[in-house]
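1. How does the following fold in three dimensions:
(chains A, B, C and D)
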Amino acid sequence: MSIDFALGAEAEAFAAEVRAWLAANPPERFPIDGMDAGYGSGAHSRPFLQALAAQGWISMTWPRAFGGAERAFWTKLVLLEELALAGAPFGPLTGCDQAADAIMARGSERLARELLPRIARGDATFWQGFSEPGAGSDLLGLTTEARRDGDDWVIRGHKIWSSHAGISSYGLVIARTARGASRSDGLSMFVVDSTSPGMEIRPIVSLTGGVYHYEVFLDEVRVPGDFLLGTEHQGFRELLQSLDTDRFWGRFYKAPALRRVLDQLVRHANATSRGGAPLSRDAYVRRTLAELATDIEALRLYFYRIGWMLAEQVPTRYETALGKVFADETGQRVGAFGLELLGPHAALAPDSPWAPLGGAIQHFYLTTMGHTIAGGTSEVLRTTVATRGLELPRDGRGVARGA
Amino acid sequence: MSIDFALGAEAEAFAAEVRAWLAANPPERFPIDGMDAGYGSGAHSRPFLQALAAQGWISMTWPRAFGGAERAFWTKLVLLEELALAGAPFGPLTGCDQAADAIMARGSERLARELLPRIARGDATFWQGFSEPGAGSDLLGLTTEARRDGDDWVIRGHKIWSSHAGISSYGLVIARTARGASRSDGLSMFVVDSTSPGMEIRPIVSLTGGVYHYEVFLDEVRVPGDFLLGTEHQGFRELLQSLDTDRFWGRFYKAPALRRVLDQLVRHANATSRGGAPLSRDAYVRRTLAELATDIEALRLYFYRIGWMLAEQVPTRYETALGKVFADETGQRVGAFGLELLGPHAALAPDSPWAPLGGAIQHFYLTTMGHTIAGGTSEVLRTTVATRGLELPRDGRGVARGA
Amino acid sequence: MDFRPTDQQRMLAAVARDFLDKRWPLAVAQDVARDGRGLPNDVWRELAALGWAGLRVPGDLGGSEASLLDVVLLAEEMGRAAFPARYVTSAVVATAIIAAGTSAQRQRVLPAMSAGDRFATLALAEPDGSGPDGIALTAEVGRTLDGVKRFVLDADAADHVIVAARGGGGVTLVLVDARHPGVGVSSTTTMAGDRLFEVTFAGVPVRADDVIGPAGGGRAILDEALAHGAVARAAEIVGTAQRILDLTVEHAKVRVQSGRPIGAFQAIQHACADLLRDVETARGLVYHAAWRVDAGRDAATAIAMASAYAGTRGLAVARRAHQIFGAMGYSAEHPLHLLHKRIHAASVESDRAAHLDTIARAIGLA
Amino acid sequence: MDFRPTDQQRMLAAVARDFLDKRWPLAVAQDVARDGRGLPNDVWRELAALGWAGLRVPGDLGGSEASLLDVVLLAEEMGRAAFPARYVTSAVVATAIIAAGTSAQRQRVLPAMSAGDRFATLALAEPDGSGPDGIALTAEVGRTLDGVKRFVLDADAADHVIVAARGGGGVTLVLVDARHPGVGVSSTTTMAGDRLFEVTFAGVPVRADDVIGPAGGGRAILDEALAHGAVARAAEIVGTAQRILDLTVEHAKVRVQSGRPIGAFQAIQHACADLLRDVETARGLVYHAAWRVDAGRDAATAIAMASAYAGTRGLAVARRAHQIFGAMGYSAEHPLHLLHKRIHAASVESDRAAHLDTIARAIGLA
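-> Predicted structure coming up:
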């Protein structure tokens, strides 16, 4: 026991293995079936996911009882890091991890039997049905309802901002199943087959012109009783319990992803002249990129620390909230400076053939606008840090928010 | 009537007159009797004030009925601008203006007769007794009380953060004179002679090591009945009425004062080498100074606009609050970059003989820490801008604040 | 010192607001930006009929010889409406260049431009994005123009292309007929929906009659026209940022979360206060720059400041508004992203690094 | 991957917290900074008795050969206590330089330094503030040292002055007896209460025995020592910023305005959240840099990042804390200003521009 930033021999060997595999299987050769939200997760590619599955990498950290290989926590982290550095289209991966974790922790025997093997093969992917038009940061304002009907549940409601819902296999849908003493009682989580009758999944065109989010209308959608995920009426509490872990995996790859963007900007600065001298010799450009690189490194180390806490089961109270705000605001600064660096080319659309770096910077910049909102706005999360991390008094009136 | 940024021939001629006078009477030759808070007002110098008075410049805009020359509003603005650009020790001036305005607007015949001529001669200067230890941004929490005793008033209480109280002639002291329906009823303003029996005025050493503020204990201090300034019990409302004008004059000179600091930094950058090249050739230094110069110019123009509104009696609702926040935050950025530019010399105290620019930057930097607090914290003022300027709903719970 | 526009200016702005609200509501601006079809001819003609295309054209050539401040007030309204960039390119920049030409050139082009029958665009940037300091395409009188320019706005629909070329020992400005068979155009896509083109010139003759100003002596004309264009674009940014602010405040008043409008939360209030600061202070610099131009005062520093500041603060406004709007601002249906992209396009067009260096020199940095 | 200090390290930090709370409470730190009398001898001796002066000294010379991470944990506590800069200068930087000397030099100096009987300072900066790249004072073996250095810490009380001079075709490090009659000192005042001196050398002989490392070959020794010092100073900043955060949060919980603690207001909550972010992320970079040094990995970039980031973020923490404390933080009686100035002094000592250029090269900028 001593402070040690080394990943260790096993993880380093695994990193080399992943890099070698990526070199042999270049990510850009895989077909893309959903857009990249610019989170650094790469686009949504079912074939790429299946290729990862074929390596055994999706289920490698699962307990053997569920078909896993019980590899160390750190291997998953290394996998994500290498995928992000390579710009691989691993979009669906974290959703699969989240769903698998939830199913292993509190799913029915049937859910485990039917879904886990499909997840491990890369055949089943997931979307989240949490937000609603009137329930953004204030998730408890949701109005979707599920009622029992024989052995089944029947769900009626309207979800929004569900990433990749139109191209994923199942949704994790939270709905009200009872009126409880408090608004957080009486909510339950369901695994809903995307092809169920009564589902209407409409794409939302985003500011990039692509589709990442969907709006989902559930009109008397029937769900088998054992597709309830977790304890009836306790869905919100259970969601909160896994929140920190989910948020960690939802942003862990941001540092390597940003490092990838930074490297692109460095290449651009080296290759581009302005006023007769390369951009890379401009003191302002050098300092700004150096500062951003430092922020990204600070971010990387902060997430390693959270990862260590999760691995060691040290309780996290505010750390993932702090890390997410830092990650997303750092990303916004990288994106904004990236555009500045492109000069007149910054006006071009990502798909313009004249756009430097394949339009990656424009696309990334636009998507960063959503990062500080999705999965908890920076306003909500700063309040979390203040009240949970610093024990400042709660306002008692809810918190201000973007939404 | 058309948009016109020119001050006009009269004001420009007056500016030239002030500059010529300053050249003939270099500000640095006048003795200093109180420190410069770095507001850009220069230090407190009674002799300098008297020299201005001898030119007739203190009372020049007053109505003839009060002994003034009824010169245009803009002449006062020009005077302050030239004094700030010259780094003159005109500290007491705005306090005198404020007091004179209040006396002319709502003072007793005796106050006008006794004090205005002394103000015009530069013989009477003023401090403000508003804040109290338990009443900072929430001024209405004050506990100082005044009670009638025959024709007089007797005041008992404890004021704090009163600038220059120890070296000024009179305080404007607000005290509770009645319990009203609301907390803003029942307050009254008094002109209190600093030499009155029962006054104890203790210096507060500031973070610069100098004294700018004082703590004032009033123990049964007797004030003549006609030294009540304004309407009994209406002191707070009347204070609010003059607030915008006072705040305008309290920050109008910030833009020229910052321009003076910026010019010092430019000189330093031109004269200082780092790594073999002058600092002024470093792209980062050039850009940062250019950006700061732009912010200062934007600030200058914004205050001209407020000045025009005041001159034309266009009601100001939020403009002085916005202007003050912008002024003080711009000043903090100028100060912070100034220190950065000094490199290793930034660690030296302002009085170190090795300190570049006479230690002006260090002193200025430290004082900027107080600017966003004194006279309304930036938090309170942003809320003012939002609720009065943009008509966003009031929280109803007060506003967060530094204090 | 006076901050009141004239009655005529107020009228101009009011008519513009009214016209654009009707003919160019945000929904139309979004449609046009999305499908890339560009500015419809009829809108351009109607705008010309209102006198706007000829605002900077001399009175004897069908224009109204208006001040740059007039242009600024109009451009603010255009920015508010997310109106395309053509107005500034043709009616401000190109007009200023052509107005510096011979009487024959002015007569030939400006009346038709004032009337809205024709419009002009500018071919300045090289394929690598270089501006006035890096002009590479050459033009010598009596020879032909052969080469490529990029970032040329609306080149497919323009009647005239003003080409900034190297020649005569300096910059030579050539007025080219956009329909000459040696002129080819190919388009690219932009974030904000502006229609930018690559223009190729093959064997286009450069006649003495086509050169605006002295051959090799076009730089001063170009710089002044671009400077006026920069002020107008900065005004567009101010107008767009004001629109964002208006929409944001409206949203903050009506969007309820946790039982109260989000505009009652301190974090939102303080953010909105900063938006107001950014818009109002930027406006001050823009008006000041225009006033200096109109008053015949040295305006180079004021223009550099207005352009650099409006761009930076305008983008800050747009970004912060995204945070306040939350998820809905991420959707293509919501107008925020288009307003954001229009500010971005206008700010990119101005060379911030060059502006900051102009300012650095002006404040005395060696 | 492990983020737990060893038991021994926890003990070191706990003892340090305890010792400093008793012997160096903020009130004492403020007094000492105010009256400029500097670090009392007894405190230095007690600190040495705890083994801290010899933390980096080899075991056979009376030290404990501790890791840089140990130093970092101690330095955090010192930063928390606003302890003067001497610790890092003598026990980290000077110690590292002398440890690179001959066996005789080490024997002569290090045991006494470990015991707290002597301490050493560094004369590096030239009067114009230049650091390692701009050394002007010359030293050649067999001749004398004549000239001036500035920014020399505690020169009046030091026993040894390590002089970084130009000589032997490079940098020559000379170990000078501070009490040699040719050594003169004159002090100046600093914001943070550090005692900085100008040191003049007049006819001080440079003997081969006094040169540390090869004559002309001292740069590598100097750079490594300075790098370790930079990590320790960055750790001080983290500790100081943590103290500011603690005081600020405490204040926000108890200061009531408008009927509630100010820590319940969103603006204050969000500001405090940013302070926590700044402190924790800076700490990560500092630990990482120390770990790389200890692990024998290439640490140049990590050190540059830790130093540059801790300085910037530390200052941001101090400035924002002023806003939260309001007027009371403006008073000399309140400890905030001293903590702020100590962060400032530590950040100024490191050459941020040089660090950023190191990073720029490391990320591949040409």
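
2. Quick check: mean pLDDT of stretch C:243-258?
-> In this model, stretch C:243-258 has a mean pLDDT of 95.

3. Stretch C:116-123 too?
-> The pLDDT scores in stretch C:116-123 average 98.

4. do stretch A:292-311 as well
-> pLDDT averaged over stretch A:292-311 gives 97.

5. which regions of chain A lie under the pLDDT threshold?
-> Low-confidence segments of chain A, defined by pLDDT under 70: A:396-403.

6. can you list the residues of it near chain B?
-> A:Asp282, A:Ala283, A:Tyr284, A:Val285, A:Arg287, A:Arg397 (C-beta under 8 Å from any C-beta of the partner chain). For glycine as for every other residue, the C-beta is placed from the backbone atoms N, C-alpha and C.

7. Compare those residues and tell me which is most surrounded.
-> With neighbours taken as other C-beta atoms under 10 Å in any protein chain shown, the top of the residues of chain A next to chain B is A:Val285, carrying 25 neighbours.

8. and the gap between C:Ser130 and chain B?
-> Going from C:Ser130 to chain B by C-beta to the nearest C-beta, to the nearest Å gives 18 Å.

9. Next, count neighbours for the spatially closest residue to that residue that is not a sequence neighbour.
-> Excluding its sequence neighbours, the residue lying closest to C:Ser130 (C-beta to C-beta, 6 or more residues apart in numbering or on different chains) is C:Ala136, at 7.1 Å. Look at C:Ala136: counted by other C-beta under 10 Å, it has 13 neighbours.

10. need the helices for the stretch 51-200 of chain C, in chain order.
-> All helices of the stretch 51-200 of chain C, identified by DSSP state H, counting those that start in this stretch, fall at C:68-80, C:86, C:95-99, C:103-114.

11. Tell me which of those helices sits nearest to C:Ala316.
-> Across the helices of the stretch 51-200 of chain C, C:Ala316 has its closest neighbour in helix C:68-80 (15.7 Å, C-beta to C-beta).

12. For the next helix or strand along the chain from that closest one, enumerate the helices and strands it packs against.
-> Counting by DSSP states H and E, the element after helix C:68-80 in chain order, helix or strand, is helix C:86. For helix C:86, there is no helix or strand it packs on, judged by 3 or more C-beta pairs under 8 Å, 6 or more residues apart in numbering or on different chains; DSSP states H and E.

13. roughly how far out does helix C:86 sit from the chain middle?
-> 7 Å (C-alpha atoms, centre = their mean, to the nearest Å).

14. now C:Ala267: how far from chain D?
-> 5 Å.

15. Please apply the same query to A:Ile204.
-> Counting by C-beta to the nearest C-beta - A:Ile204 and chain D are separated by 29 Å.

16. try A:Gln234
-> Taking C-beta to the nearest C-beta, one finds A:Gln234 at 29 Å from chain D.

17. which phi and psi does that residue have?
-> phi -110, psi 20 (degrees, to the nearest 10).

18. Contact partners for residue 89?
-> Reading this off chain A. A:Pro27, A:Phe30, A:Ile32, A:Asp36, A:Gly42, A:Ala43, A:His44, A:Ser45, A:Phe48 (C-beta atoms under 8 Å, 6 or more residues apart in numbering or on different chains).

19. my bad, chain C
-> C:Ala120, C:Thr121, C:Leu122, C:Leu153, C:Asp154, C:Gly229.

20. got those residues as JSON lines, with neighbour count columns?
-> Listed next are these as JSON lines, based on neighbours: other C-beta atoms under 10 Å in any protein chain shown:
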{"residue": "C:Ala120", "neighbour count": "26"}
{"residue": "C:Thr121", "neighbour count": "25"}
{"residue": "C:Leu122", "neighbour count": "26"}
{"residue": "C:Leu153", "neighbour count": "24"}
{"residue": "C:Asp154", "neighbour count": "24"}
{"residue": "C:Gly229", "neighbour count": "27"}
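
21. Which one of those residues is nearest to B:Glu82?
-> Once C-beta to C-beta is applied, the member of those that ends up nearest B:Glu82 is C:Gly229, at 35.9 Å.

22. can you tell me which helix or strand the closest one belongs to?
-> In the assignment (DSSP H and E), C:Gly229 maps to helix C:219-254.

23. Of the helices of the stretch 51-200 of chain C, which stretch is the most buried?
-> helix C:68-80 (a mean of 27; mean count of other C-beta atoms under 10 Å in any protein chain shown).

24. Closest to B:Pro197 out of the contacts of A:Pro89?
-> The closest of the contacts of A:Pro89, once distances to B:Pro197 are taken by C-beta to C-beta, is A:Asp36, at 77.7 Å.

25. So the closest one belongs to a helix, correct?
-> No - applying DSSP: H, G, I helix; E, B strand; the rest coil, one finds A:Asp36 to be coil, outside a helix.

26. May I see the contacts of C:Thr89 organised as a markdown table, with distance to D:Phe3 added?
-> Below are the contacts of C:Thr89 laid out as a markdown table (distance: C-beta to C-beta, whole Å):
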| residue | distance to D:Phe3 |
| --- | --- |
| C:Ala120 | 65 |
| C:Thr121 | 60 |
| C:Leu122 | 59 |
| C:Leu153 | 55 |
| C:Asp154 | 59 |
| C:Gly229 | 56 |
